[in-house]
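Colleague: sequence first, predicted coordinates after that:
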Amino acid sequence: MLLIKYICLLLISFAPALAWGSSCCGGSVAAPALISGDDKAQLSLSYGRMAIRDDVLPDGRWRSRQDSEGLESWHLEAAHIIRDRWQAGVSVPVIRRSRFDDASTGLGDITANLGYEYLPDWDYNPWRPRGLGFLQVVAPAGRAVFESTEAMQLDTRGRGFWGLGVGTLL
């Protein structure tokens, strides 16, 4: 039984290299930079890489690309407890877009979070979850598609508008 668990863990560790994602999702998640454990502060750096191989035309037909287009992103995320149940976090992405032999690198949209632990876990109850509510603000630091100055739009790294989000993390 232990061998099966290790084999499953090994297969899961190679799954991201085999995963496919559609352009609607962009390969990212909406989880904010928040501390969900018993830490006072956290700092993380993550790397993502994707390549566009095919396009779907408006009539539903798939077309393979002859050129290679890629996107690499580095996300530096930090969070810190500022009061007993309050915390703040920030996420700063650096994005590199490439097509053929051209490439462009720069900042993406910056995200700031403010969180409040509304279900504290003081007695470590195994049945009741810890609950964090958060407010998220997205600042348009990256250039949007409609602001692009390059022919292949390699300098686009953001949405171009402010964003506001509210959510919970259990």
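Modeller: Sure thing, it's come through.
Colleague: after the helix or strand of the chain with the lowest mean pLDDT comes which helix or strand?
Modeller: Least confident helix or strand of the chain, by mean pLDDT, DSSP states H and E, is helix 2-18 with a mean of 66. Following helix 2-18 in sequence order, the next helix or strand is strand 41-56 (DSSP states H and E).
Colleague: helix, strand or coil for residue 104?
Modeller: For residue 104, the assignment made with DSSP: H, G, I helix; E, B strand; the rest coil gives strand.
Colleague: hang on, it packs against residue 71?
Modeller: No - in this structure, residue 104 is not within contact of residue 71 by C-beta atoms under 8 Å, at 10.6 Å. The C-beta positions use only the backbone N, C-alpha and C, and glycine is treated the same way.
Colleague: need the residues touching each of the two.
Modeller: Shared contacts of residue 104 and residue 71, defined by C-beta atoms under 8 Å, 6 or more residues apart in numbering, are found at 96-98.
Colleague: list just the nearest of those to residue 122.
Modeller: residue 96 (44.1 Å; C-beta to C-beta).
Colleague: neighbours around that closest one, how many?
Modeller: Counted with other C-beta atoms under 10 Å, the neighbours of residue 96 add up to 16.
Colleague: kindly report the same for the one 4 residues further on.
Modeller: Residues within reach of residue 100, counting by other C-beta under 10 Å, total 10.
Colleague: surely it touches residue 66?
Modeller: No - counting by C-beta under 8 Å, residue 100 does not reach residue 66; the two are 10.2 Å apart.
Colleague: mind naming the longest strand for the protein?
Modeller: Counting residues, the longest strand found in the chain (DSSP state E) is strand 62-81.
Colleague: point out where this structure drops to low pLDDT.
Modeller: For the chain, the stretches flagged by pLDDT under 70 are 1, 6, 8-31.
Colleague: who are the contact partners of residue 100?
Modeller: 67-68, 152.
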